[in-house]
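Novice: Next input, structure requested:
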Amino acid sequence: MPTNDEIMTKLWYVIHTKPQQEALAASMLEERLSITIFLPEVRQRRQGHLRQAPLFPGYLFAGIDLDHSEVSSVNNTPGVVRLVAFGGQPKPVPTHVIDALRARLAELDAQGGLPQHPFHTGDRVRLKEGPLAGLEAIFIGPMRPAERVRVLLEFLGQEQETLVAVEDLEAAGSTAMPKRPRRTRGKGRSINPAR
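Specialist: Predicted coordinates for the structure are as follows:
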C-alpha cells in the first residue's frame, strides 16, 4: 500500500500514445517503470461488435512522481509518443477529474456503453430541446457513438453547421438529403429552364 508521501508526490499526467497502441504503452509503462496507469475504456459498437475501446484514442493517464521518474524514460517507452506538456512542462491533471472520469465510465458501462443514435448522414432531424427546439436540420455526423454531433441547420435563410447533444435530436420525416437544383452546365453557362 502506498504511503502518504507517495500519494502526495504522484500526480496524474496525460500521455500521448501511438495510434492503437494505448494498451501496449500502458503495459510497458507499468512493467518497465512501475507507473500507475489509468486507461479509460468503455464498451463501444465497432463494425457491428460490442467491445471495450479507449474513450480517448491515443491518450492515457499516468500517476507519476516526476522527482523519481525521468520524462525521457516515459517518452522512450514502446507505444508512447510523449508525456503531454505545455510550455515545455508536463501539467498535472487534478485528481478530482480522474475520479469524476472513473465515475462516468462506471455509469456508461452500467448503461451498456456509449450511447447509440439511429441517425445517418443526410437524415432530417428535429431539435427537441433548447432555444432552437422545433427547428429541423440535416444530420452530418459523427457516425460513431458520441454525445455531441454536427447538424446543418437552416436559420434566418442561411445554412449553419452547429454542434448539438445527440439526445436533443429526433427523426423528422424524410431521410433523403434535399438536392439543390442545378444552375449551370459547367464553366459558368446557365441552364435555360424554358427548353
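
Novice: what residues does the helix ranked longest in the chain touch?
Specialist: When every helix of the chain is counted residue by residue (DSSP state H), the longest turns out to be helix 95-110. Residues from elsewhere that reach helix 95-110, judged by Cβ atoms under 8 Å, 6 or more residues apart in numbering: Trp12, Phe38, Pro40, Glu41, Val42, Arg43, Leu55, Phe61, Leu114. The way it works is simple: take the backbone N, C-alpha and C, and place the C-beta from them, glycine included.

Novice: Quick check: chain neighbours aside, which residue is closest to the most centrally placed residue in the chain?
Specialist: The centre of the chain sits closest to Phe56, judged by Cα atoms, centre = their mean, with a distance of 6.0 Å. Nearest non-adjacent residue to Phe56, counting by Cβ to Cβ, 6 or more residues apart in numbering: Pro40, 6.3 Å away.

Novice: And the pLDDT for Val80?
Specialist: Here the pLDDT value assigned to Val80 is 96.

Novice: That one and Asp123, how far apart?
Specialist: Distance of Val80 to Asp123, computed by Cβ to Cβ, to the nearest Å: 40 Å.

Novice: go on, Glu170?
Specialist: Distance of Glu170 to Asp123, given as Cβ to Cβ: 11 Å.

Novice: Those two: which has the busier surroundings?
Specialist: Comparing Glu170 with Asp123 by neighbour count (other Cβ atoms under 10 Å), the higher total belongs to Asp123, at 21 against 12.

Novice: Pop the domain breakdown of this protein in here.
Specialist: Recorded structural domains for the chain (assignment: automatic domain parsing) are 4-110, 124-171.

Novice: Just list the residues touching the nearest residue to Val80 once chain neighbours are set aside, thanks.
Specialist: Take Val80 and drop its neighbours on the chain: the residue closest to it by Cβ to Cβ, 6+ apart is Ala25, 4.8 Å away. If you count contacts by Cβ under 8 Å, 6+ apart, Ala25 has them with Ile15, Thr17, Lys18, Leu60, Thr77, Pro78, Gly79, Val80.
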